[in-house]
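> Provided below for reference: sequence and predicted model.
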Amino acid sequence: MLKNNISKALMLQKTDNFIIQFFRYGFAGGAAFIVDFSLLYFLTEYLHIYYLISAALSFIPGLLVNYLLSVHWVFNNRVLENRSTEFIFFTLIGLGGLGFNELFMWFFTDVAGFYYLISKIISTALGYLWNFFAKKFFLFR
């Protein structure tokens, strides 16, 4: 019974608990990452688009997945009433994350010599904290 209550609190109930939100954001970010990473690979390997352009293009569907999961599952409180304005600010925070992502991908691929998909994994891990804390502080207090 206790185990069922804990899993319900972690996965289903609305919450303002920072730890649970951080945990859920890991899943939301993971789902967005799968979309982003898969498209990055497809655009680069099959359509032969330069990896940094592919990274920017694949960011957009990943952002949409992250937004939908964040507003419906991760964060309970919303700062802005207008959803269009909220999405614009969410996108601006995401664009900051995209800038970090592009910089880190370029550095780890072109300077450090890593394979671009390894660079993507590293850059995503580095950008995760920026995205969570910026969204938590500015949009979902």
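Looks like it arrived, so ask away.
> what residues sit buried inside the lengthiest helix in the chain?
Identified as the longest helix of the chain according to DSSP state H is helix 18-45. The neighbour-count check on helix 18-45 (16 or more other Cβ atoms under 10 Å) flags 20-21, 24-25, 28-29, 32-33, 35-37, 39-41, 43-44 as buried. In short, each C-beta sits where N, CA and C put it, glycine included.
> which elements pack onto it?
helix 2-11, helix 51-69, helix 116-138 (3 or more Cβ pairs under 8 Å, 6 or more residues apart in numbering; DSSP states H and E).
> among those helices, which is nearest Asn77?
Closest to Asn77 of the helices and strands packed on helix 18-45 is helix 116-138 (Cβ to Cβ; 9.7 Å).
> leaving out sequence neighbours, find the closest residue to the residue positioned nearest the centre of the chain.
The centre of the chain sits closest to Gly29, judged by Cα atoms, centre = their mean, with a distance of 4.1 Å. Once flanking residues are discounted, Gly29 sits nearest to Tyr128: 5.9 Å by Cβ to Cβ, 6 or more residues apart in numbering.
> any low-confidence regions in this protein?
1-6, 9 (pLDDT under 70).
> swap in 50 and give it another go.
Across the chain, nothing is flagged by pLDDT under 50.
> quick check: closest non-adjacent residue to Phe75.
Going by Cβ to Cβ, 6+ apart, Phe75 has Phe140 as its nearest residue, at 3.4 Å.
> and that neighbour, its phi and psi?
Per-residue torsions, Phe140: phi -130, psi 50 (degrees, to the nearest 10).
> look up how far Val111 lies from it.
Separation of Phe140 from Val111 (Cβ to Cβ, to the nearest Å): 35 Å.
> between those two, which one's more packed in?
Using other Cβ atoms under 10 Å as the criterion, Phe140 and Val111 rank with Phe140 on top: 21 against 9.
> quick one: contacts for that one?
Gln21, Ser70, Val74, Phe75, Asn76, Asn77, Arg78, Val79 (Cβ atoms under 8 Å, 6 or more residues apart in numbering).
> hmm, try it at 7 Å
Phe75, Asn77, Arg78, Val79 (Cβ atoms under 7 Å, 6 or more residues apart in numbering).
> which one of these sits in the busiest neighbourhood?
Phe75 (23 neighbours).
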